[in-house]
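Peer 1: Structure for this input, please:
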Amino acid sequence: MKTSAPLSGLAKLTMVGLVGTGIGFLGAGVDPGPGPRVVKGFLNVGHLYLPPLLVGLVALAMAGLVATRIRWMPTVGGAFASILLIGAATLGSAAVSFRLTHPGAVIGFAEDCIQLTGEAIAAVAGIAATVQLVRNKAFGHRLKS
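Peer 2: Residues are numbered from 1 along each chain as shown. Here you go, the predicted structure:
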């Protein structure tokens, strides 16, 4: 019976960051909290706001894919988290800066803190896992030569 190699520490950290990101976005999908929101109306289903809800589900699915031990999934997870960080710094900067500068609005503040922390952890750990994978492949290749 073929056994899979255990997840590396960096892959586990990438997965934890993606789970945190997903939880933060799911919270924002249920209650987006205070702050500017450009688009309303048709993106709501009842009390749910779809864009963060969908991003949260994708982040959790990405964490699940990292857990499958597919070799390049930590890289994909890190890239996904990096894209979310870039989006928070550019397209979502008004909403993010508002929520982070108003900690009295506990829900919005907590959601963005969880999201940004998870994204940063997943991005850094995913990049480091990629470097580790490439180095191990290069080192293993030299040993076989």
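
Peer 1: Contact partners for Met62?
Peer 2: 18, 73, 76-77, 80 (C-beta atoms under 8 Å, 6 or more residues apart in numbering). All C-beta spots, glycine's among them, are computed from the backbone N, C-alpha and C.

Peer 1: would you say it is within a helix?
Peer 2: Yes: Met62 forms part of a helix when assessed by DSSP: H, G, I helix; E, B strand; the rest coil.

Peer 1: hmm, which helix or strand of the chain has the shakiest average pLDDT?
Peer 2: Lowest by mean pLDDT, DSSP states H and E among the helices and strands of the chain is strand 44-45, with a mean of 75.

Peer 1: partner strands of it, parallel or antiparallel?
Peer 2: Under the criterion DSSP bridges, strand 44-45 sits next to strand 48-49 (antiparallel) in its sheet.

Peer 1: Report the mean per-residue pLDDT for the strand it pairs with.
Peer 2: For strand 48-49, mean pLDDT is 80.

Peer 1: same question, stretch 98-110
Peer 2: Mean pLDDT, stretch 98-110: 88.

Peer 1: Now render the contacts of Met62 as CSV, adding secondary structure and neighbour count.
Peer 2: Output for the contacts of Met62, formatted as CSV (DSSP: H, G, I helix; E, B strand; the rest coil; neighbours: other C-beta atoms under 10 Å):
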residue, secondary structure, neighbour count
Leu18, helix, 33
Met73, helix, 22
Val76, helix, 16
Gly77, helix, 26
Phe80, helix, 23
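
Peer 1: so how far is the first residue of stretch 79-98 from its last?
Peer 2: Stretch 79-98 has an end-to-end distance of 26 Å (C-alpha to C-alpha, to the nearest Å).

Peer 1: so how far is that stretch off the chain centroid?
Peer 2: 11 Å (C-alpha atoms, centre = their mean, to the nearest Å).

Peer 1: for stretch 84-104, same thing?
Peer 2: From the chain centre to the centre of stretch 84-104 is a distance of 15 Å (C-alpha atoms, centre = their mean).
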